[in-house]
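# Sharing a sequence plus its predicted fold:
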Amino acid sequence: MRVFVTGSQGRIGRYVQAQLEEAGHTVVGFDQVSGDEIRDPAAVRAGAQGCDAIIHMAAMLADPKDDPNAVMHVNLQGTWHVLTAAETLNIRRVVTFSSVNAMGIFIGESLPDYLPIDEDHPCRPGRPYALSKYLGEEMCRLFTRRTGITTICLRPPWVCFPDSYQRIRQRWAENPESEWTPLWEYGAFCDVRDVARAAVLGLTCPDPGHARLLLCADDIITSGPASRELAAKIHPTVPWRGGEVYEQQPFRALVDNSRAKQVLGWQPRYSWREQA
Ligand SMILES: NC(=O)c1ccc[n+]([C@@H]2O[C@H](COP(=O)([O-])OP(=O)(O)OC[C@H]3O[C@@H](n4cnc5c(N)ncnc54)[C@H](O)[C@@H]3O)[C@@H](O)[C@H]2O)c1
């Protein structure tokens, strides 16, 4: 398959590119660092010409120092240009990177209505990056409804790199409170190698129409306490819906990844317990 990959030079993009090539696909990269501009619709269309599928990652991230107007321009126009290029060129599948931030219950935006979190949880993003990811998902949903082109929106939490595990352990050793101060993100993470594999599987999995998938490791990041214990300690007022499975798997993630497993045929391989 010839795959148009935006954000191909980014931290996740490099892993996606490598895994695509390993799987025998041809990558057509598109990234600002190579002089490509996602805000230019003609450039996006020209880049995607002759491709069979798209993985869209080019975006501005949740950096509070960034101009909110720029975040909206790059993230929303970028997604729009990718979708319209797909339609014009009859590319039938787009895998796009959203984020857990689309839900508005990460980066300290608000408390969840319940734990564990799943895709049925209401979305209420307010900050520019989070809002741009949510609106990007909505754009994909409505685009699929009209065109029938498959859109798969991946929602990773914090993406962990091979050297991140040791770095976190070290940070906790220096400052134990940093595990939940200033923020506790439900211990959610996904290893970049698992994230990249999910994106690659999104190209060939059975057609789900439009899907939004939480991509999370099977377990939580923790210095020791189990998932239920951490939830009760840090968010005692949030209703618990975890059930008995947390007695059998006490470190089970607080972000439900079962839909991603089912739709993509995906299984995360990297766990906090084995890596850290
Ligand atoms: N890193 C994480 O923890 C995380 C978590 C959830 C979702 N995501 C999403 O995953 C995707 C990839 O993230 P990443 O961590 O690799 O980020 P990154 O910043 O390392 O990569 C983004 C890439 O997009 C490119 N880009 C930015 N603006 C562009 C423009 N105007 N035109 C063309 N290219 C442009 C950048 O040059 C960069 O290479 C993003 O969509 C991000 O929102 C990342």
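Arrived safely, thanks for sending.

# distance from the centroid: which residue in the protein tops it?
In the chain, counting by C-alpha atoms, centre = their mean, Glu174 sits farthest out from the average C-alpha position, at 29.3 Å.

# What's the local residue count around Pro156?
28 (other C-beta atoms under 10 Å). Bear in mind the C-beta positions are built from the backbone N, C-alpha and C, glycine included.

# swap that for Gly224, sorry
Counted with other C-beta under 10 Å, residues neighbouring Gly224 total 9.

# Count the residues that sit near Ser110.
With other C-beta under 10 Å as criterion, Ser110 counts 12.

# is it fair to say it lies in a helix?
No. Ser110 sits outside any helix when classified using DSSP: H, G, I helix; E, B strand; the rest coil, being coil.

# Find the nearest non-adjacent residue to the residue in the chain that the ligand sits nearest to, please.
Relative to the ligand, the nearest point of the chain is Gly10 (2.1 Å; C-beta to the nearest ligand atom). Using C-beta to C-beta, 6 or more residues apart in numbering and skipping residues adjacent in sequence, the residue nearest Gly10 is Met57, 5.9 Å away.

# residues in contact with Arg39?
Contacts here follow C-beta atoms under 8 Å, 6 or more residues apart in numbering; on that basis Arg39 touches 73-74, 77-78, 81.

# Can you tell me which of these lies closest to Ser258?
Gly78 (29.5 Å; C-beta to C-beta).

# So which bits of the stretch of helix or strand that closest one belongs to are buried?
Take DSSP states H and E as the rule and Gly78 turns out to sit in helix 78-88. Neighbour counts over helix 78-88 (16 or more other C-beta atoms under 10 Å) mark 78-83, 85-86 as buried.

# Turn the contacts of Arg39 into a markdown table, columns for pLDDT.
Below are those laid out as a markdown table (pLDDT from 0 to 100):
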| residue | pLDDT |
| --- | --- |
| His73 | 96 |
| Val74 | 98 |
| Gln77 | 98 |
| Gly78 | 98 |
| His81 | 98 |
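
# Can you sort out which of these also neighbour the ligand?
By C-beta under 6 Å from any ligand atom, the members of the contacts of Arg39 lying near the ligand are Val74.

# Can you tell me which of the contacts of Arg39 is nearest Ile38?
Nearest to Ile38 among the contacts of Arg39 is Gly78, at 3.9 Å by C-beta to C-beta.

# How about the contacts made by that closest one?
Contact analysis of Gly78 by C-beta under 8 Å, 6+ apart lists 6, 38-39, 56, 58-59.

# List only buried entries from the residues you listed.
Using 16+ other C-beta under 10 Å, the buried ones in the contacts of Gly78 are 6, 38, 56, 58-59.

# Mind checking which of the contacts of Gly78 are in strands?
Per DSSP state E, strands hold the following members of the contacts of Gly78: 6, 56.

# can you list the contacts of Gly78 in TSV and add distance to the ligand?
What follows is those, written out as TSV (distance: C-beta to the nearest ligand atom, whole Å):
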residue	distance to the ligand
Thr6	6
Ile38	4
Arg39	6
His56	8
Ala58	4
Ala59	3
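
# Between all of the contacts of Gly78, which two are separated the most?
Every pair of the contacts of Gly78 checked by C-beta to C-beta; the farthest is Arg39 and His56, at 13.4 Å.

# per-residue confidence for the residue nearest to Gly10?
Listed pLDDT for Met57 reads 98.

# Hmm, Ser98 and it touching each other?
No. Between Met57 and Ser98 there is no contact under C-beta atoms under 8 Å: 10.5 Å.
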